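> next input, structure requested:
(2 chains)
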Amino acid sequence: MTMGGAGAAEGAHAARERRCTPRARRDFFLVSAAAALAAAFIFAFDPAENGIYPPCLMHLLTGLHCPGCGSLRAIHSMLHGRFIAAAGFNLLAVCLTPYLVWEYVSLALSAFRGRGLPRPFSSRAGAWLLVGAIAAFAIVRNIPAYPFNVLAP
Amino acid sequence: MKCPECGWENPDDAYECANCGEELVEPDRIPHPRQVERPLALAIIVTILCCLPVGAFAIYYALQVDRLLDEGDLDGARKMARISRLIALAAVICGVVFWIYLLYSQELFIWERV
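Residues are numbered from 1 along each chain as shown, chains lettered A, B, ... in the order given. Just a heads-up that it's a prediction; the model follows:
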């Protein structure tokens, strides 16, 4: 066995072990704490009826609804279990929530088990699906006519 | 799992032979882990929350990570991940600064609606 072979094997070993580290665990706890704080805040203060939250800059400047407009109200509604109301505020945020949960579970598994879950949207088709969905949502929700303006917040 | 190259006995879930480094799984059948972290969740959170269209750029660069990994361009993938993370973090910082500014300026901040 050559020296190069030993180095490569050690490198491969390190690559597999790297994820199950104190750093991965620290990342997991930081993300958990941030998510819990944000969720508690949005749960407690309804974005629909008080002005603690910042307005959307894009909406302020152009009057258009960006793909994120209504997401705080949607998250507030989801945290209170009102999923249909949430979809009315921001359908995209509701649709992407399962993906964010998936990434969170993957982070937890990679921190404690050393290996996460497979990544969605990795293939070319998956990537185009995500980009296309966001672009279509951004355009359609700004059309001021009946079947489309349902998507506006 | 026995390495077809040198005969070394490896654990069943090994991707590479621990002895000679030979790949034990077809590269396109390796489900996980991909070597470069992809900051797509962060980019999506920025797009959904920060409400600035810059989030779209963060998503674009994050999606390039897996495309470049599939092409075997590890350095390119790392670069894309770094750019995406940078855009997302800049957007988060801008958003927080803007929010604090609003809280103190009292101009657009409408307590009466509470």
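> how far is the helix or strand harbouring A:Phe41 from where the chain is centred?
According to DSSP states H and E, A:Phe41 maps onto helix A:22-44. For helix A:22-44, the separation from the chain centroid amounts to 13 Å (computed by CA atoms, centre = their mean, to the nearest Å).
> A helix includes A:Pro55, no?
No - counting by DSSP: H, G, I helix; E, B strand; the rest coil, A:Pro55 is located in no helix; its state is coil.
> around it, how many other residues sit close by?
A count of nearby residues for A:Pro55, using other CB atoms under 10 Å in any protein chain shown, gives 15. Placement of C-beta: from N, CA and C, glycine included.
> what ranges of the chain fall below the confidence cut-off?
With no chain named, the answer covers chain A. The model of chain A has pLDDT under 70 over residues A:1-21.
> sorry, should have said chain B
Within chain B, the segments meeting pLDDT under 70 span B:25-34, B:106-114.
> isn't B:Gln35 right up against B:Leu68?
No - between B:Gln35 and B:Leu68 there is no contact under CB atoms under 8 Å: 11.1 Å.
> so for the two, which residue has more residues nearby?
Between B:Gln35 and B:Leu68, counted using other CB under 10 Å, the more crowded position is B:Leu68 (18 against 10).
> in the helix holding A:Phe41, which residues are buried?
By neighbour count on 16 or more other CB atoms under 10 Å in any protein chain shown, the buried set for helix A:22-44 is A:24, A:28, A:31, A:42.
> what's whichever helix in chain B runs longest packed up against?
When chain B is scanned for its longest helix (criterion: DSSP state H), the result is helix B:74-105. Judged by 3 or more CB pairs under 8 Å, 6 or more residues apart in numbering or on different chains; DSSP states H and E, the packing partners of helix B:74-105 are helix B:40-45, helix B:54-70.
> and that helix with helix B:54-70, angle?
Orientation check (axes from the mean of the first three to the mean of the last three CA atoms, to 10 degrees): helix B:74-105 against helix B:54-70 gives 160 degrees.
> you'd agree B:Ala77 is up against B:Leu69?
Yes - if you go by CB under 8 Å, B:Ala77 and B:Leu69 touch, sitting 4.7 Å apart.
> between those two, which contacts overlap?
B:35-36 (CB atoms under 8 Å, 6 or more residues apart in numbering or on different chains).
> what comes up buried for the longest helix of chain B?
Under the neighbour-count criterion of 16+ other CB under 10 Å, helix B:74-105 has B:76-81, B:83-85, B:87-88, B:91, B:95, B:102 buried.
> now do the helices in chain A.
Under the criterion DSSP H, helices of chain A are mapped to A:3-17, A:22-44, A:57-62, A:71-79, A:83-89, A:91-112, A:124-140, A:146-149.
> using TSV, lay out those together with distance to chain B.
Listed next are these as TSV, based on distance: least, CB to the nearest CB, whole Å:
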stretch	distance to chain B
helix A:3-17	4
helix A:22-44	9
helix A:57-62	6
helix A:71-79	5
helix A:83-89	12
helix A:91-112	4
helix A:124-140	4
helix A:146-149	19
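> winner for burial among the ones you listed?
For the helices of chain A, the largest average neighbour count (mean count of other CB atoms under 10 Å in any protein chain shown) is found in helix A:71-79, namely a mean of 23.
> need the contact list for B:Cys3.
B:9-10, B:17, B:19-20, B:22, B:24.
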